[in-house]
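# okay, sequence plus prediction incoming.
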Amino acid sequence: MPLVSIVIPTCNRTGDLRRCLSKLLPLLPADGRVDTIVCDDGSSDESRRMIATNFPAVRWSQGPRRGPGANRNLGGKLADSEWLVFLDDDCIPREGFLDAYLKAFSAVGAKSLFHGFTYPVPEPTSLSYEAPDVRAPAKIFASCNFAIRKSLFEVTGGFDERYTIAFEDIEYFARLDRLGADAQCIPEAAVDHPLRPLPAFVKLGKRWEGRVISTMDLGAGPMQVAIRLPKHALAVILSRFRGQKLSLGNVKAAITFAGEFLYMMTHLPGWIRKHSRGPRSRFWTEQVALGKAPPRFGL
């Protein structure tokens with residue numbers, strides 16, 4: 001039985017996955033303490049064939065195709081190990097990445113939740129590109145590079161699979177923090193995350209649906225969501241320009257962000273109708289009943 005399972009969710013990024021595995025597998029110890037699981041939400045079998053040809057020791061599984069949270073949960077269920085390390089397919093692990101986690105796991109009094117550093121490469125020069133940036137200890141961090149004891153992952157139920165586009169990681173780490181699972185930062189467990197072009201406004205706009213789910217979980221009614229979420233979204237978008245200089249890239253990004261906001265406003269009534277009838281998180285419902293919900297419904 002391996003001590004650690006590295007879970008890599010992937011979806012239609014065979015080239016990125018190949019690069020990730022090429023850097024990761026040489027870091028694995030030869031004694032079988034660590035195995036690698038790829039959960040593939042892709043629309044073709046290209047990644048499966050690539051793994052079978054180039055990385056036969058890697059376990060491949062068809063993903064559930066219900067979003068990133070469900071895909072990560074599948075990897076957690078498939079793992080026969082004490083620890084889970086979650087690594088996104090477009091991350092490039094640095095030398096010492098795995099050794100740092102293994103050392104942390106074996107320490108006396110080891111915690112059950114860790115996160116490493118994630119470096120955007122190269123440094124973004126405008127808002128026209130994006131990448132996760134985690135270079136300090138944090139309670140809410142990027143899900144592209146973290147580790148958790150499997151028993152904790154199981155008892156907390158993993159990621160909430162209602163979040164099919166985005167926000168599943170923010171919700172999960174907020175839930176873990178409320179449960180007292182204080183994350184320890186391991187700077188040496190570092191990965192590089194190449195910059196990617198800013199998505200189209202439609203994809204950015206769809207990410208806000210997760211906020212509707214979260215806000216309603218925290219007790220907000222339809223009218224409160226309709227009033228508060230646009231204000232919150234506008235404040236978040238404007239905050240992205242803090243410290244930015246005037247440039248062509250930032251002007252193009254501003255146009256994309258304007259489209260993002262308009263898309264969110266256009267689809268907000270439908271999201272409210274949909275999720276006002278949907279299930280609620282038992283955990284956050286209990287937090288609300290105990291008077292422990294974040295103020296202003298988390299907005």
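On my side now, so go ahead.

# isn't residue 166 up against residue 214?
No. Assessed by Cβ atoms under 8 Å, residue 166 is found out of contact with residue 214, at 10.8 Å. For every residue, glycine as well, the C-beta is placed using N, CA and C.

# the more surrounded of those two?
More crowded of residue 166 and residue 214, by other Cβ atoms under 10 Å: residue 214, with 24 against 18.

# could you find the closest non-adjacent residue to residue 139?
In this structure, residue 139 finds its nearest non-sequential neighbour in residue 177, 4.8 Å apart by Cβ to Cβ, 6 or more residues apart in numbering.

# which ones are touching the one you found?
For residue 177, the contact set (Cβ atoms under 8 Å, 6 or more residues apart in numbering) comprises 139, 140, 183.

# ok, and the most crowded of these?
residue 183 (21 neighbours).

# how far off centre is stretch 208-217?
A distance of 16 Å separates the centroid of the chain from that of stretch 208-217, by Cα atoms, centre = their mean, to the nearest Å.

# so residue 46 is in contact with residue 17, correct?
No. Using Cβ under 8 Å as the test, residue 46 is too far from residue 17 to be in contact (9.6 Å).

# those two: which is more packed in?
Legend: neighbour count by other Cβ under 10 Å for residue 46 and residue 17, higher for residue 17 (26 against 15).

# by contact count, what packs against whichever strand or helix holds that one?
Per DSSP states H and E: residue 17 is located in helix 14-24. Judged by 3 or more Cβ pairs under 8 Å, 6 or more residues apart in numbering; DSSP states H and E, the packing partners of helix 14-24 are strand 4-10, strand 34-40, helix 46-54, strand 92-93.

# what's the closest of these to residue 277?
strand 4-10 (29.0 Å; Cβ to Cβ).

# hmm, who's touching the closest one?
16-17, 20-21, 24, 33-42, 47, 63, 68, 71-72, 75-76, 78-89, 98, 101-102, 105, 150.

# for stretch 110-122, same thing?
With Cβ under 8 Å, 6+ apart as the criterion, stretch 110-122 contacts 91-92, 97, 100-101, 104, 131-135, 138, 141-142, 144-149, 151-152, 176, 181-195.

# in strands, which of those fall?
Secondary structure defined by DSSP state E assigns 92, 145-149, 184-194 of these to strands.

# which among those residues count as buried?
Taking 16 or more other Cβ atoms under 10 Å as the criterion, what is buried in those is 92, 145-149, 185-186, 189-193.

# between those residues, which is closest to residue 223?
The closest of these to residue 223 turns out to be residue 146 (Cβ to Cβ; 36.5 Å).

# confidence score at the closest one?
Looking at residue 146, its pLDDT stands at 98.

# could you count how many residues lie near the closest residue to it other than its chain neighbours?
Leaving aside its sequence neighbours, residue 146 sits nearest to residue 115 (Cβ to Cβ, 6+ apart; 4.3 Å). For residue 115, the tally of surrounding residues (other Cβ under 10 Å) stands at 26.
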